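Colleague: model this:
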Amino acid sequence: MFREELVQHSHREAERLQKRIARLKSLALKYKRAEVTQNLLLEISNLAAHVDSPNAFFSEVHRSLNLLLPADNFFVALLDSSTYKLNIPFFLDEKDPHPNTIYSIDAISETLLSGLTGYVLKSGEALLCDDMIFDQLIATNKIVSRGAPCHQWLGVPIKVNNRTSGVLVVQSYSPDINFSEMEIELLHFVSYQISGILERLEHQEQLEQAIEQRTKELSVAYDKLKREVFERRRAERLQKSLFEIADLATSNIDSDSFYSEIHRVISHLMPASNCYIALLDDRLTRIHFPFYVTQNETTTPQPRTTCDGLTEYVIKNRRSLLLQRTDLDALIDAGIVYSKMPELNYTQDVYQWIGIPLFIHGQVRGALTIYSLCISQSYQDKDLDLLTFVSQHIATAIEKKLSAESLKSSYEQLEEKVIVRTRALAMLNQDLEKEVAQRRKAEEQLVYDANHDSLTGLPNRAMFMERLTQAVKHIRRHGLDRFGLLFIDLDRFKLINDTLGHQQGDSFLIETSRRLRLCIRDNDTLGRIGGDEFVILLDCISDTCDAKEVAERILTELSRPYELANQSFTSGASIGIAFSCDHKSDTAESLLRDADAAMYQAKSKGKGCYVIFDEKSHQQLVKDVELEIELRQAISNQELHLTYLPIQNLKKLSTVALEPRLHWNHPLLGKVKQAQLNNIAEHCNLITELDIYLLDQLNTDHRALGEQSLGHLPLHLNISGTHLKHKHAVRQLKNKLKQSRFSPDQLWLFFDEKGFILDTDNHINAFELLKNLKVKLGLTGYGSAHSALSSLTFLPLQGLKLDSSYTKHLNNEQHLKLLKAHYLTAQALELVVFVDGICAAQQKETLVKIGFDLGQGQALGEVINLNSITKDLVCA
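Modeller: Coordinates of the predicted model:
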């Protein structure tokens, strides 16, 4: 019994040991498989970091996968993002042939997108598909059956930049081969490596495209720079050639050397191996060739009578010609050239021929010709233009040369007759010397006149700008040096011209230039660049104080009285100052512009002062210009809107009239009201356009005012006095009032009292014209300019609108007395008086006690906005 138990115990122990051995073998196999898997994954990762193309990588991936899982049926599908077509860079299958051998590229893509591959691509999720899942997908029409039936199908998406760009697929046809989560994770790792390769290759392609694009841009810039350098060198050669031709005209060399030098100059500009100059005699009947050079072995043509040669053809046509071989043949075949003397024809070997007429002494006296004998030496239209331009200078040089030779010949003839005509020769020499001296003096005078002001003798704009340009160049080379620029505009010059006459105005300018010379050093430059505009270049100053001292001396000197037409006349000046700096962008024009801008700032400050240019002030000017443009556009686009300020009876508090006011909803400045609008418009010379716009908008609001039972009320229109300065402006205002849809007796036109004081005569004349329209006239802001009471007696006025400042000082006893005086004056003259600026009930009560009946302000009703009323009615 004990023995049997011992045997059974031994069997159980043996079975336990065998199970333990089997488990240890299984663990060893797993560890070995894990080690192999890890090594293969490291190998795939290293391969992904160094591979240059996905196709090479796919082959190595398949080899590695075969060591870990059955991958005899393996393929990769990638999506082209630009065409959305699938392609198969790697395919291996036991049953199905490669799709490239069966379908076209489009058919492959369509086939894959409709099957399991397309399903994974669209869903972006891994799919392990067996027969049951496959049948479900078929039944729900999510896929179409493609390829041979398989036991299991595993697809993993390949994602690049968070978008699915392909699918990695393995499949098995045998029931013994099954896939699990481990295979899915393995394929996920491989797909991640593939996506890394695709991203790297995509970035590499983008980098190469960017490099290629930049290379093209640099190439274009280089070509442009080459062209600019070529054109600049060409221009330098042309300028040098013109200088050389000008020097030849005054040189004392013989004729052969003279024409040889001209040929040398032409050769620097273009190929001129075949060239000649032909000249006509004084009778224009014979032609000779003072210069002739050719590659052929022909000799210089002898002088001959003019005939029908090519040279005569150019002279007859009086224009430059570029003739090709076909053109020459056509002229010869048509009998236009060489029909009378065919022996003159030397053009059999000529490929191109250029002929330029030479204008000497005002008529065509010859021709300059170059030609080529082979296609390698080709001329173009630009060569024709260049040679035509140079020929003008050559003709001038030849003209001077012929004149010099003629003069020399005259001298020789005179020398031959010196014995018999000594006295006559002496007189002739004297006359010639006088002529030469007069010509030189005339030339010097012409040069002087071209660079100086004819009235004051100062450098003119051209000469001053040249010196200013040289000063700017000097500053760029010597950064420590500095200069100042003063722009001087005289005050009251127009008044002198208008009252004393232009002759006294000239005397005024001459005296001013003399005084300005006293204020500067010898090395400074004083110039006159306009009617009453002077400029000073202060060379080599050490500090801004130097320029300020000069400006103060000038203001002091010009403030002294002038004696003009036996009268003492006082003037002044406004001065703008600009200084050089080390900005590379500074030019003579920009510095003069800055000084000019500073001068205008001095004028705006009241004249008789100087202002140093400030970049911030310049930027403010730029903003003012931008604001002017915006206001013009706002007027043009009808973006200004009307509101109506009620004018009330102070006792009954009933509205007796309306004052239309404009406002502008500016995107940056916000709501710009009428007063600010007037300031902007006056600064931009748009005040008349603003008033015309107001009258047009009133016509637009006519119907809406009637609908609100406001159409019968009088309208107080504040009109600028600018309308009254010119007949054209007055006529425009009259025409616009005639077009008004309101009756004339409803319209009150109020003009500012300050404008009336500054321009009384024009106001009186214009008021008489406007009175005929039967509109009511009045002055606004009355009391601010303190015009004489007597002026009210000869103006056709019906009303006054007191300045708003009076209501602000009602606690002041003197102001109350002044208000009572205005009230009594208005009653005596039978004028209607309106009080502006009533902001509080206490003010209204005080004004009523004085006797005033009518007024306007914040305390007398709210502003009427027709647009808001219309919207409220629509909403109701």
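Colleague: And for residue 242, the neighbour number?
Modeller: Residue 242 has 16 neighbours, counted by other C-beta atoms under 10 Å. Where C-beta positions appear, they are placed from N, C-alpha and C, glycine not excepted.
Colleague: Tell me which residues touch it, please.
Modeller: Residues in contact with residue 242 (C-beta atoms under 8 Å, 6 or more residues apart in numbering) are 390, 393.
Colleague: ok, so what distance separates it from residue 402?
Modeller: Per C-beta to C-beta, to the nearest Å, residue 242 is found 20 Å from residue 402.
Colleague: now do residue 520
Modeller: 49 Å.
Colleague: Please parse this protein into its domains.
Modeller: 1-39, 51-206, 251-412, 452-613, 641-871 (automatic domain parsing).
Colleague: As CSV, those with distance to residue 435, mean pLDDT and mean neighbour count would be great.
Modeller: Shown next, in CSV, are the domains of the chain (distance: least, C-beta to C-beta, whole Å; pLDDT from 0 to 100; neighbours: other C-beta atoms under 10 Å):
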stretch, distance to residue 435, mean pLDDT, mean neighbour count
domain 1-39, 110, 69, 10
domain 51-206, 80, 82, 17
domain 251-412, 10, 84, 16
domain 452-613, 25, 87, 17
domain 641-871, 55, 87, 17
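Colleague: out of those domains, nearest to residue 223?
Modeller: domain 251-412 (18.1 Å; C-beta to C-beta).
Colleague: Determine how far the closest one lies from the middle of the whole chain.
Modeller: The chain centre lies 47 Å from the centre of domain 251-412; the measure is C-alpha atoms, centre = their mean, to the nearest Å.
Colleague: swap in stretch 473-481?
Modeller: 29 Å.
Colleague: Please apply the same query to stretch 186-197.
Modeller: Using C-alpha atoms, centre = their mean, the offset of stretch 186-197 from its chain centre is 53 Å.
Colleague: before we move on, what about stretch 832-841?
Modeller: 51 Å.
Colleague: Not counting it itself, show me its contacts.
Modeller: 647, 650, 716, 778, 780, 798-808, 822-823, 826, 844, 847, 852, 854-860.
Colleague: what do you get for stretch 106-120?
Modeller: Outside stretch 106-120, the residues touching it (C-beta under 8 Å, 6+ apart) are 77, 85-88, 99-100, 103, 121, 126-127, 129, 134, 137, 142-147, 153, 155-157, 164, 167, 169.
Colleague: Show me those that map onto helices.
Modeller: 121, 134, 137 (DSSP state H).
Colleague: what's downstream of the longest helix seen in the chain, the next helix or strand?
Modeller: In the chain, with assignment by DSSP H, the single longest helix is helix 181-250. Downstream of helix 181-250, the next assigned helix or strand under DSSP states H and E is helix 255-269.
Colleague: Turn the ones in helices among the contacts of stretch 106-120 into CSV, columns for distance to residue 722.
Modeller: Output for these, formatted as CSV (distance: C-beta to C-beta, whole Å):
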residue, distance to residue 722
121, 76
134, 91
137, 85
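Colleague: Now flag whichever of those residues is closest to residue 630.
Modeller: Nearest to residue 630 among these is residue 121, at 55.6 Å by C-beta to C-beta.
Colleague: That closest one reaches residue 168, doesn't it?
Modeller: No - the pair residue 121 / residue 168 is not scored as a contact, 11.1 Å apart, by C-beta atoms under 8 Å.
Colleague: Show me the common contact partners of these two, please.
Modeller: Joint contacts of residue 121 and residue 168 (C-beta under 8 Å, 6+ apart) are residue 157.
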